[in-house]
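*Asks:* Whatever this is, show me its structure:
(3 chains)
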Amino acid sequence: MNQSILFLLRRLGFYLMAAFAALTLNFFIPRLMPGDPATIIFARFRGKLKPEAIDALRETFGLNDASLIDQYFSYLKSILSGDLGISIAYFPQEVSSVISGALMWTVFLAGTSLIISFFIGTLLGTIIGWNRNSKLDSLLPPTLAFIGAFPYFWLAMLMLYLFGFKFDFFPLGHAYSADVSPGFNLAFILSVIHHAFLPALTMVLVSLGGWMLSMRNTLISTLGADYITFAHAKGLSKRRIMIKYAARNAILPNLTGFGMALGFVLSGALLTEIIFSYPGQGYLLLQSVKSQDFPLMQGLFMTITLAVLLANWLVDIAILLFDPRTRK
Amino acid sequence: MINKTKNSILKRWARGIFRVKKALIGLYLIGGFIFISVIGPLFAKDPIAFLGTPLSPPSLEFLFGTNGQGQDVFAQTVAGARQTLFVGFSTGFLVVIIGAIIGGCSGYFGGRTDDLLSFLINIFLVMPGLPLMVILASWLPPGPGTLIGVLVLTGWAWNARVIRSQMMTYRNRDFVSAAIVSGETNIRIIVIEIMPRMLSLLASSFIGASIYAIGAQVGLEFLGLGDVSSVTWGTNLYWASNDMALLTGSWWTFIPTGLSIALVSFGLTLINFGIDEATNPRLISERRWKKQVPQHLIEAGITPVMKTND
Amino acid sequence: MSLYLKFIIILIAGLIFQNCESEKKVGKRDGLIVYQEAQISWARNFNPLSPAGSTRWPTKCGIHEPLFIYNSMTASWVPWLAVNYKWNSDNTVLEMQTRKNVFWSDGKPFSAKDVAFTTQIKKKFKALDTRNSWEYLDKVTAINDSVVQYKFNRVNVPGFDALATQPIVPKHIWEKVEDPVKFLNPDPVGTGPFTEILRFDNQIWELGKNKNYWQKGKPHVEKLVFPTFPSNEQVTLALNSGKLDWAGAFIPAVERVFVEKNPEHHKYWFPLTGHTTFLYTNTKDKLLNNVEIRKAISYAIDRELVVKVGMYDYTEPASVTGVSGPMSVWHSPEIEKIEDWTKYSREKASKIFEKQGFKLNKKGYRLYPDGTPIELEIIIVSGWSDWIRSAQVVSQNLNKIGVKTKVKTYDFGAWISRMQKGDFQLSIGWTEKGSTPYNLYKGMMSPDYLKPLGEVADVNWHRFSSDKADILLKKYEQTSDEKEIERIIYELQKIFVESAPSIPLFAEASWAECNTTYFTNFPSAENPYGTLSPNYEHENLFLMLNVRPR
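*Replies:* Predicted coordinates for the structure are as follows:
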């Protein structure tokens, strides 16, 4: 057991170092971009500002002339105290409040899509991995692969147009409809599901093939293992072998993939959010890049990176718990 | 002895692939598109000239109709193939090279080198790709070079890790120990002994990376982060969306490019299936005994390992 | 398995039916649904003085109001919170008389003291002085409850514009605010027709009417509703399905995309604003510093094609004077006599290039006199697709006469940085605007704005100056006599057309759509009482007060 704890701690150490590297990168990249936010804002305004006014604005944005090193250390200090600064595009709102609202929706949409896709995909993969000669096995993988080959946004727009616009089955965007009030009531929950249906559907369709195939492949290699042959020889029912032994072991490598994908949930929904006007982080990121809103960009990048690292670490723990072989 | 193994591996490989139907279809698809991208622009109209009435449906004059600016969609689809495929395959190629070098060295040499390179790989793996892509693509001057650079930077780590673990398994095999003992240099071992065996892995890495590159590239260009005055599949979709393709019912500005992208990705995926079936020993033997054993006796789940004479 | 399947089918059917039901509320709509800003999520910021420009629309032109509103349709100033103004004899003191019987939305009376306070707070907090008013102001005081006196430190009659259009904030609230630059003003108090925040979620917010509004009986609409629309595509979808009543979006092929879906109620109006979009030519460039070459480039441009391909024929080629549409009243009567270099002529363009010494090489491309090939670049902001298309046409036009030209896109930050530093050759951009062409010609030719290459210039990106124009511009600032103003503008126009500091490309149009199913009395070409577009601050107040539910 000590070995496993040591292993986890070593992994944690790695994640902390990765976080540090990411934060440093996060600091430098926006500053290397041409143009600075203050200039852009004046330009947008097209107002003639006196030098004092420009400087006053720069001060308010924290774009002072302190050396890069000083700025870096004050940046680190504020990150550690949870102060992500003030957004420029949404001035003077704080970055943390701008992000927190959006974060919730991205996690909801991308998270549920991922879970559904993984669940269905793994199930399908088990079925066709087991019945390798069935019609399903020759039909499903190419079909799902073909659907997944379309650019995601292309499929999303097509579905939005067909089911949202032409047939009016689903709403055109947003996370919930205007006539329900957010809260823990049935109308709101139904409205949320209704609005999330199309975006989630497109996300699931595109990624389904991937999960199915990887499960199928790991299942095939697992099936060749000796203990499976032994179980057959012993006369255990096929169903039991499939679920209790084969699938259970085959799913382990896929869980790693799932864990990593979980971390990327925060960043992956960008195109979905834009097409479906879903109020999540992805769109915020695009906007922060376009308006060179350094604090917001950094805040978003940081939350995403930390989420990925956290997810990875949780997966490490999960694998340790579920796969006895790693506990050695 | 060395030459013989390399030749026989390649030959077996090539034979195997061409026997798999899926891979053949994929190869035809990809070959077709490459052919079109090279030859097509010579026969099609000028893609950027404003030739016809905007948003007119397909006709004899304009096979795929015209887009919102009156440009020939067919010419644009054909012309767009070039840069999209070029960026896609270049990225795939670079990703495999970098992955092979870094992953290979890391897996082969082990120790300190492995710790350092693994750390590097893991950092890049954990970095959120899409946001980084968006940020870099909007900062750097637009163009194919930027796209390749950004895609390679965000995509090399995954293949490197896979190559690394494969390298580690080979490292401990007998033929490598034998080579070391007989005094072969490390470079020679890596390049001559091990790499040929990893051919299928490298090939499917190349294909996987190319699929990723084509998809990500098109996505970035759709967001307007590519060079919008160039003609590529991604920018074609960008303009189609800007011109409200679906709302005006102008499906022809949208569908051909989307289909082309899907067919190329799908073709590549098929080739990958094919490589897998051609080189995975379990699947090879499976094809063989399936022919010999009657259908009703095929017990689901049992995969006998057969001896073969290759 | 079958049970699960049934459950899923029922769920999907339920969702579909739910949608059909909830959208059946036809007939009446209690709030006017508006699109003006592209956002994915709302931030609660109602500070009209904020320099950062991230306040919710219509904070400055709906919640708060200005002293005068310039109606571009009638080309006149409309008294609003002020009823008249007066200059003293030597134009050094401006007095404005404020309207009586106006109340803030919290019931307290509005007075000249609020106006003086608003102006003074911009002196105290320099970051708020975005129009740079205190450059020419010396002192501002409220002589009594209804007269504000502005003492100027130098004669600057055009300075009236910035003072007249200032949104006024209540003194009794803002004098208690510690940092008005960062103040969010979450529960605004204003004099405008809509001031009550009825609802504020990150996806939708609602602005209810002001019960104490000074125009009795108005507004007729109960509230304004703002859902989020992050992209043009979403706006168009919403307009088409009747889920938007009023929008200011650029819609390509608007007849086919919007009007055809419901010709009775889907209306749009893209009138010319009078201003012009320019092709900026960097006059410090070794090719473009030659005025004949600039005119030649202008001759080479097929403006009809630019307008057709780039702007869907929504606008028209520019006038050589730089103003058109409602501002055509400022066309000098002499203008017929001056050479019009905006009329498309490839022959004239090629001839001028030949005459100036830029000959064609064997491949058909022009060279500098020293033999180096000419290569021009037009830079555009990525994402501004209409200008990108227009630039592509221009570049094709120039290539046809042998001048090798390319289009390059940059992200807005990089683009504006280049323009301001003069690091470009050609680009497309907006110009300075005002109630007369003074602002345009000042921005085009005044040495006041001339900065050397490499230094940041907010205006006059093309780095041109004319001393003759300077004299006239200074004269303009000194006078308030209408005849004199007219004469000066005609003179400036002549200099502008003779020296071609940059190239007028096409007239500017304003974008506006409306849906008359639930509301009526929108402005239109038949009833032009104001602009239909929500994108023109203060003018949109006319629409807000006259629109009524059916």
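*Asks:* Test my guess that C:Asn210 contacts C:Gly190.
*Replies:* Yes. Between C:Asn210 and C:Gly190 a contact is recorded at 7.4 Å, counting by C-beta atoms under 8 Å. C-beta: built from backbone N, CA, C; applies to glycine.
*Asks:* Quick check: neighbours shared by the two?
*Replies:* C:Ser105 (C-beta atoms under 8 Å, 6 or more residues apart in numbering or on different chains).
*Asks:* more crowded one of those two?
*Replies:* C:Gly190 (28 against 22; other C-beta atoms under 10 Å in any protein chain shown).
*Asks:* what's that one in contact with, if anything?
*Replies:* By C-beta under 8 Å, 6+ apart, the residues touching C:Gly190 are C:Pro48, C:Ile63, C:His64, C:Glu65, C:Trp104, C:Ser105, C:Val169, C:Pro170, C:Asn210.
*Asks:* what helix or strand is it on?
*Replies:* According to DSSP states H and E, C:Gly190 maps onto no helix or strand at all.
*Asks:* State the distance from it to chain A.
*Replies:* 19 Å (C-beta to the nearest C-beta, to the nearest Å).
*Asks:* ditto for C:Thr236
*Replies:* C:Thr236 sits 10 Å away from chain A, going by C-beta to the nearest C-beta.
*Asks:* swap in C:Gly107?
*Replies:* According to C-beta to the nearest C-beta, C:Gly107 stands 28 Å off from chain A.
*Asks:* Backbone dihedrals for B:Gly52, both of them.
*Replies:* With angles defined as degrees, to the nearest 10, B:Gly52 sits at phi -130, psi -170.
*Asks:* Could I get the phi/psi values of B:Asn172?
*Replies:* Phi and psi for B:Asn172, reported as degrees, to the nearest 10, are phi -90, psi 10.
*Asks:* show me the contacts for it.
*Replies:* By C-beta under 8 Å, 6+ apart, B:Asn172 has no neighbours at all.
*Asks:* tell me the pLDDT at it?
*Replies:* With respect to pLDDT, B:Asn172 scores 79.
*Asks:* How about C:Leu305?
*Replies:* You'll see C:Leu305 listed with a pLDDT of 91.
*Asks:* all strands of the stretch 251-400 of chain C, in order?
*Replies:* Assigned strands in the stretch 251-400 of chain C, in chain order: C:266-268, C:272-281, C:375-381 (criterion: DSSP state E, counting those that start in this stretch).
*Asks:* Of all these, which one comes closest to B:Val95?
*Replies:* Of all these, strand C:375-381 sits nearest to B:Val95, with 31.9 Å by C-beta to C-beta.
*Asks:* How about the residue of the stretch 101-250 of chain A found nearest chain B, nearest residue that isn't a chain neighbour?
*Replies:* The stretch 101-250 of chain A approaches chain B most closely through A:Ala149 (3.6 Å), counting by C-beta to the nearest C-beta. Closest residue in space to A:Ala149, ignoring its immediate chain neighbours: B:Ser265 at 3.6 Å, by C-beta to C-beta, 6 or more residues apart in numbering or on different chains.
*Asks:* State the distance from that neighbour to A:Phe170.
*Replies:* Per C-beta to C-beta, to the nearest Å, B:Ser265 is found 27 Å from A:Phe170.
*Asks:* likewise A:Gly148?
*Replies:* For A:Gly148, the distance to A:Phe170 equals 22 Å [C-beta to C-beta].
*Asks:* do the same with C:Ser510
*Replies:* Following C-beta to C-beta, the distance that separates C:Ser510 from A:Phe170 is 34 Å.
*Asks:* more neighbours, the two?
*Replies:* A:Phe170 (24 against 21).
*Asks:* wouldn't that one be in contact with A:Phe197 here?
*Replies:* Yes. Under the criterion of C-beta under 8 Å, A:Phe170 makes contact with A:Phe197 at 5.8 Å.
*Asks:* burial of the closest residue to C:Ser435 other than its chain neighbours, as a residue count?
*Replies:* Computed as C-beta to C-beta, 6+ apart, the closest residue to C:Ser435 that is not its neighbour in sequence is C:Tyr70, at 5.3 Å. By other C-beta under 10 Å, the residues close to C:Tyr70 number 19.
*Asks:* Show the contacting residues for whichever residue of the stretch 1-150 of chain B sits closest to chain A.
*Replies:* Residue of the stretch 1-150 of chain B nearest chain A, by C-beta to the nearest C-beta: B:Pro128 (4.2 Å). When contacts are counted by C-beta under 8 Å, 6+ apart, B:Pro128 touches A:Phe264, A:Leu266, A:Ser267, A:Phe301, A:Ile304, A:Thr305, A:Val308.
*Asks:* Can you tell me which of the residues you listed is nearest C:Asn132?
*Replies:* Comparing the contacts of B:Pro128 against C:Asn132 with C-beta to C-beta picks out A:Phe301 as the nearest, at 36.2 Å.
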